[in-house]
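1. structure for this input, please:
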Amino acid sequence: MGHNFSYWEKESFLTGFDVIIIGSGIVGLSAALHLKTKSPALRICILEADFLPSGASTKNAGFACFGSISEALDEINSGGEDNFLQLVEMRWKGLLKLRRNLGDASISFKQYGGYEIFKESEETFAQDCIEEIDHLNKLIQPIVGKHDIYAVSNAKIAEFGFSGITQLIENRYEGQIDTGKMMSSLIAKVAGIGVQIFNSCRVDSVENEGVRHTVKTNHGDFDAKSVIIATNAFAKELLPELDVVPGRGQVLVTAPIDNLKVKGAFHYNRGYTYFRNIDNRILLGGFRNLNYDVEQTSEPGVTDVIQTALENLLRDTILPGQNPMIEHRWSGVMGFGPELSPVVKEIRAGLYCAVRCSGMGISMGSLLGEQVGELVAL
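-> Sure, this is the predicted structure:
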């Protein structure tokens, strides 16, 4: 007999939308916020496959960053300085937009700085990075508006209590947020201006019906003039032609630690590994590069190989001699591709996408949502 929808349910909740957004992560919510603010009369809904966003928006480490110095050099080597500067600008503007949209207090933004650590065995690599500090500062200065972005801060190694670290490069303008508070605030703001959000509503396909689209889900068919796909790592499920592949990031968090010295957003291993303080705990994630093939998946889960590497770094380097208790482990799924640039475009008439954040969703998500919103023909 199909779905048992009443006339009222069908008319008020399933049909007549101007825009349907698939994915309730940072990008999807930001797109809805931009469109509804620009045109308050629009009927907009967001469809989310899970109880909470299923990718990385509520599972990330909460880094308000635009790149460690080794990541910057890798990006320049792979794509050139112009592409690198475009990415930095997107990340920086995206962070500013997130903070303006929600306010620093509501996302618990703290500009404690970002730091890249180097072990004694990486001295040559560290020196290569240090030699590029002045050059990178001059490149990025017009974007950030500051000239003293990267600097050697070896005096802080002992202050943080690290073991085996011989070089520390600071980025004064990086920070951290509380991911849970950020997403709660963003959801509340979007819902508060009249956008309907349907959770546990899995989209199976998007089909053209004349000048409108039918979005087929496990709960029935929705109808809209325009559709935005903002599912990042899961984009190929609906748009197989997109060059987006998933990359799972594993994370652990410790129990509270007395007199925790670590404060800031820390990068290691060319950005593949990262850690920070949160509520007197250490949050540590990464090492995806140890097992690329296995971690190129959209399935949740943690593995012994990566969790062991994380624990070794935690106990040997970050909190030496303390043997902290691990309280929780999880994973999130990011979207990557052959290029670091995101994909924001119209696929066909009335169907748009904003995906492939390359692990920088917090930094770029608000901007990408606005950009795809600007593409939508109202």
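
2. which residues in this protein form helices?
-> 7-9, 26-38, 69-79, 81-102, 104-107, 123-131, 133-144, 156-160, 179-192, 292-295, 304-313, 361-375 (DSSP state H).

3. the ones you listed: which one's closest to residue 204?
-> Closest to residue 204 of these is helix 26-38 (C-beta to C-beta; 17.6 Å). Backbone N, C-alpha and C define where each C-beta goes, glycine included.

4. and the helices of the chain as JSON lines, adding distance to residue 326?
-> JSON lines is the format used below for those (distance: least, C-beta to C-beta, whole Å):
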{"stretch": "helix 7-9", "distance to residue 326": "46"}
{"stretch": "helix 26-38", "distance to residue 326": "27"}
{"stretch": "helix 69-79", "distance to residue 326": "27"}
{"stretch": "helix 81-102", "distance to residue 326": "30"}
{"stretch": "helix 104-107", "distance to residue 326": "26"}
{"stretch": "helix 123-131", "distance to residue 326": "29"}
{"stretch": "helix 133-144", "distance to residue 326": "35"}
{"stretch": "helix 156-160", "distance to residue 326": "20"}
{"stretch": "helix 179-192", "distance to residue 326": "19"}
{"stretch": "helix 292-295", "distance to residue 326": "20"}
{"stretch": "helix 304-313", "distance to residue 326": "7"}
{"stretch": "helix 361-375", "distance to residue 326": "24"}
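
5. out of these, nearest to residue 166?
-> Nearest to residue 166, of all the helices of the chain, is helix 123-131, at 6.4 Å by C-beta to C-beta.

6. that closest one packs against which elements?
-> helix 69-79, strand 114-119, strand 165-171 (3 or more C-beta pairs under 8 Å, 6 or more residues apart in numbering; DSSP states H and E).

7. pLDDT on that helix, on average?
-> The average pLDDT for helix 123-131 rounds to 97.

8. mind listing residues that contact that helix?
-> Identification of contacts with helix 123-131 by C-beta atoms under 8 Å, 6 or more residues apart in numbering yields 69-70, 73, 116, 118, 152, 166-167, 169.

9. flag the shaky bits of this protein, pLDDT-wise.
-> The chain contains residues with pLDDT under 70 at 1-2.

10. how is it partitioned into domains?
-> Annotated domains of the chain cover 7-59+180-243+339-375, 63-177, 245-336 [automatic domain parsing].

11. got the end-to-end distance for the second one?
-> It stands for domain 63-177. End-to-end span of domain 63-177 (C-alpha to C-alpha, to the nearest Å): 6 Å.

12. again with the last one
-> With C-alpha to C-alpha as the measure, the ends of domain 245-336 fall 5 Å from one another.

13. how far off centre is that domain?
-> 16 Å (C-alpha atoms, centre = their mean, to the nearest Å).

14. and what of the second one?
-> Per C-alpha atoms, centre = their mean, the displacement of domain 63-177 from the mean C-alpha position of its chain is 16 Å.

15. then the first one?
-> Between the mean C-alpha point of domain 7-59+180-243+339-375 and the mean C-alpha point of its chain there is a distance of 16 Å (C-alpha atoms, centre = their mean).

16. and the domains of the chain, which is most packed in?
-> Of all the domains of the chain, domain 7-59+180-243+339-375 carries the top mean neighbour count, a mean of 20, counting by mean count of other C-beta atoms under 10 Å.

17. leaving out sequence neighbours, find the closest residue to residue 297.
-> residue 248 (5.4 Å; C-beta to C-beta, 6 or more residues apart in numbering).

18. right, and that neighbour touches residue 335 too?
-> No - taking contacts as C-beta atoms under 8 Å, residue 248 lies outside contact range of residue 335: 11.1 Å.

19. before we move on, back to that, of the contacts of helix 123-131, which pair is most distant in space?
-> The most widely separated members of these, counting by C-beta to C-beta, are 73 and 166 (18.8 Å).

20. what does stretch 72-83 contact?
-> 67, 84, 87-88, 128-129, 132, 136, 139, 270-271, 339-341.
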